[in-house]
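J.: Coordinates only, no sequence provided:
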């Protein structure tokens, strides 16, 4: 039986507030076995852009990334957020290594075609090259992935962290039993957005579609769940949506996705 | 006989102007065999600090690094400069991977003790952990090193790139025949600072001391040469000081250091 690999994607406030980040890293560093951390950093990018006099424009939760904004996200995701997480995991005796999609040619993307909206230097993932990273993982290394990719021609691209986590989970599912945990603010996907206790324990595609139609599941949660279902369809063993507190118990208490 | 490893350190304008960087990376990517690129980025850090309203204070060529400046150098060195170099080397079919000293626990340092000057979060290297990076190099990976280290307790530290190159060269000299090339603006160390043709072809410690006494060699060149002589003393095979144009011919035409 193949080895287990846990991929945790964290974003939002939790990676950008020192105390919540410290707690997250405490829990993450205690996960047994092979693991990967994928992080966001959008709030820090927006704050840094503000300090530089740049306005952040979001369309459907995605950042419009012109050249100046690409520099900001490269600095903030690839430098500030990533290297601080790496240093703090090292302090917890995790053999962390920060990577973007450009490093080791891990994740290639194409610049998103301009349709009605020009997202600028935003990347849509085209391939994941797991070979070298798999060797590192098997040597005990813990990759820490920043949401940037490259096009193979020297261009960095801003890329959605949820999608990167899903694409990596799918690619590593060829050689590992992969558990993918999406961490966000709530304990799980809620049947009643106003009731934090109404966690949907198991969500399949047909009930996902119903919840979408009735508006119970909306906005940023839809692409996250689409990414999760894609990962399952690609052979990922388990996909969980939960908050960071549930990392330490392996995601129980959150929402588990099922294909059917 | 052990394999050869070429370590090139580049700083100054060459890494921060797109055209000169492209030329450098063309030449660097053509170096045969195992190699490492160590880069600076001080001008970009100063420019970014300015845009953020932070003043850069240098003492003996070293940056005073308070918390705000540490964030700037982490963003600029670890993110902006490093990831752009990685993406551009990937476009040249070099299997580049960006690293700081925190990644893979590569280079540890201690916060410089406060004597007459408080350099803030500046790191003095204490150890280089080559094991995992050596495996990567032997797998064809080209490490691209940003001038940041960590203290093992979660703190990133701003660290001189010349020193990091020298310390890495010394550490890798245990398992490789290491050539260390320091690139700067001139073709080599000059016997007459006003004559670019007056390159000292071979420089040993006693003539170095003479040149220092007469003021021919001064300021930033002194620590660079000290780093170079240290590397030789630690078993590095060859240390060359030259400009980037000399990379493509293996450093001939520059200044070669000799212990005696």
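T.: Noted; the coordinates are in hand. Note that the structure is predicted; figures quoted are calculated from it, not measured.
J.: who in the stretch 151-260 of chain A is up against chain B?
T.: With CB under 8 Å from any CB of the partner chain as the criterion, the stretch 151-260 of chain A comes near chain B at residues A:152-156. C-beta coordinates here come from the backbone N, C-alpha and C atoms, glycine included.
J.: Which member of these is positioned nearest chain B?
T.: Proximity of those to chain B (CB to the nearest CB) peaks at residue A:154, which lies at 3.7 Å.
J.: And the pLDDT for that closest one?
T.: Here the pLDDT value assigned to residue A:154 is 98.
J.: For whichever residue of the stretch 1-150 of chain A sits closest to chain B, which non-adjacent residue is closest in space?
T.: Evaluated by CB to the nearest CB, the stretch 1-150 of chain A has residue A:79 as its residue closest to chain B, separated by 2.4 Å. Spatial nearest neighbour of residue A:79, excluding adjacent residues (CB to CB, 6 or more residues apart in numbering or on different chains): residue B:79 at 2.4 Å.
J.: these two touch, right, the one you found and residue A:84?
T.: No. Taking CB atoms under 8 Å as the definition, residue B:79 is not a contact partner of residue A:84, at 11.2 Å.
J.: quick one: which of the residues of the stretch 151-260 of chain A next to chain B has the most company?
T.: The most crowded member of those is residue A:156, carrying 29 neighbours; neighbours defined as other CB atoms under 10 Å in any protein chain shown.
J.: Surely that residue touches residue A:69?
T.: No. Look at residue A:156 against residue A:69 with CB under 8 Å: they stay out of range, at 11.7 Å.
J.: any residues in contact with both of the two?
T.: Shared between the contact lists of residue A:156 and residue A:69 (criterion: CB atoms under 8 Å, 6 or more residues apart in numbering or on different chains) are residues residue A:121.
J.: average pLDDT for stretch A:209-226?
T.: Stretch A:209-226 shows an average pLDDT of 91 in the prediction.
J.: how about stretch A:18-35: buried residues?
T.: Of all the residues in stretch A:18-35, those buried under the rule 16 or more other CB atoms under 10 Å in any protein chain shown are A:21, A:23-25, A:27-29, A:31, A:34-35.
J.: can you pull out the helices in the stretch 51-200 of chain A?
T.: A:67-73, A:82-91, A:131-138, A:161-172 (DSSP state H, counting those that start in this stretch).
J.: Who are the packing partners of the shortest one?
T.: In terms of contacts (3 or more CB pairs under 8 Å, 6 or more residues apart in numbering or on different chains; DSSP states H and E), helix A:67-73 is packed against helix A:42-51, strand A:156-158.
J.: Single out the most deeply packed of these.
T.: Mean neighbour count, computed with mean count of other CB atoms under 10 Å in any protein chain shown, is highest for strand A:156-158 among those, reaching a mean of 28.
J.: residues contacting residue A:168?
T.: A:7, A:36, A:38, A:107, A:128, A:130, A:145.
J.: just checking, residue A:256 touches residue A:238?
T.: Yes. Using CB under 8 Å, residue A:256 makes contact with residue A:238 at a distance of 6.8 Å.
J.: Low-confidence stretches in chain A?
T.: Counting by pLDDT under 70, the ranges of chain A that qualify are A:1, A:251.
J.: need the strands for it, in chain order.
T.: Taking DSSP state E as the test, the strands found in chain A are A:4-10, A:34-39, A:58-59, A:62-63, A:95-99, A:107-111, A:123-128, A:141-145, A:148-150, A:156-158, A:177-183, A:202-204, A:238-242, A:255-258.
J.: Give me the sheet partners of the fifth one and which way each runs.
T.: Okay, so that is strand A:95-99. Looking at strand A:95-99 with DSSP bridges, its partner strands are strand A:141-145 (parallel).
J.: in stretch A:222-240, what counts as buried?
T.: Buried residues in stretch A:222-240, counted by 16+ other CB under 10 Å: A:223-225, A:227-232, A:236-240.
J.: now stretch A:4-23
T.: A:4-12, A:14-16, A:21, A:23.
J.: Tabulate the residues you listed (CSV), appending distance to residue A:208.
T.: Converted to CSV, the buried residues of stretch A:4-23 look like this (distance: CB to CB, whole Å):
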residue, distance to residue A:208
A:4, 26
A:5, 25
A:6, 23
A:7, 21
A:8, 22
A:9, 18
A:10, 22
A:11, 21
A:12, 21
A:14, 24
A:15, 26
A:16, 29
A:21, 30
A:23, 30
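J.: Farthest pair within these?
T.: Spanning the widest gap among those are A:4 and A:16, at 29.0 Å by CB to CB.
J.: if I look at the closest residue to residue A:208 other than its chain neighbours, how far off is chain B?
T.: Spatial nearest neighbour of residue A:208, excluding adjacent residues (CB to CB, 6+ apart): residue A:225 at 5.9 Å. Shown here: residue A:225 relative to chain B, a distance of 30 Å by CB to the nearest CB, to the nearest Å.
J.: surely residue A:225 meets residue A:241?
T.: Yes. Taking contacts as CB under 8 Å, residue A:225 lies within contact range of residue A:241: 7.3 Å.
J.: Mutual contacts of the two, please.
T.: Counting by CB under 8 Å, 6+ apart, the shared contacts of residue A:225 and residue A:241 are A:189, A:257.
J.: how about the residues of the stretch 1-150 of chain A near chain B?
T.: Counting by CB under 8 Å from any CB, the residues of the stretch 1-150 of chain A close to chain B are A:48, A:51-52, A:71, A:74-80, A:82-84, A:86-88, A:90-91, A:95-100, A:102-105, A:132, A:135-136, A:139, A:141, A:148, A:150.
J.: Narrow the residues you listed to those that are buried.
T.: Burial by neighbour count, judged by 16+ other CB under 10 Å, picks out A:48, A:71, A:74-80, A:82-84, A:86-88, A:90-91, A:95-100, A:102-105, A:132, A:136, A:141, A:148, A:150 from the residues of the stretch 1-150 of chain A next to chain B.
J.: The closest residue to residue A:107 other than its chain neighbours: neighbouring residues, count only.
T.: In space, and not counting its chain neighbours, residue A:107 is closest to residue A:101: 3.1 Å by CB to CB, 6+ apart. Other residues within reach of residue A:101 by the criterion other CB under 10 Å amount to 32.
J.: so who does the closest residue to residue A:179 other than its chain neighbours touch?
T.: Excluding the flanking residues, the one nearest residue A:179 by CB to CB, 6+ apart is residue A:238, at 4.5 Å. Residue A:238 is in contact with A:178-180, A:251, A:256, counting by CB under 8 Å, 6+ apart.
J.: With residue A:227 instead?
T.: Residues in contact with residue A:227, defined by CB under 8 Å, 6+ apart, are A:162-163, A:165-166, A:182.
J.: try residue A:254
T.: By CB under 8 Å, 6+ apart, the contact list for residue A:254 reads A:181, A:187-188, A:199, A:240-243, A:246.
J.: now do 7 Å
T.: The contact partners of residue A:254, by CB atoms under 7 Å, 6 or more residues apart in numbering or on different chains, come to A:187-188, A:199, A:240-242, A:246.
J.: Who wins on neighbours among the residues you listed?
T.: Tallying neighbours with other CB under 10 Å puts residue A:241 at the head of the contacts of residue A:254, with 27 neighbours.
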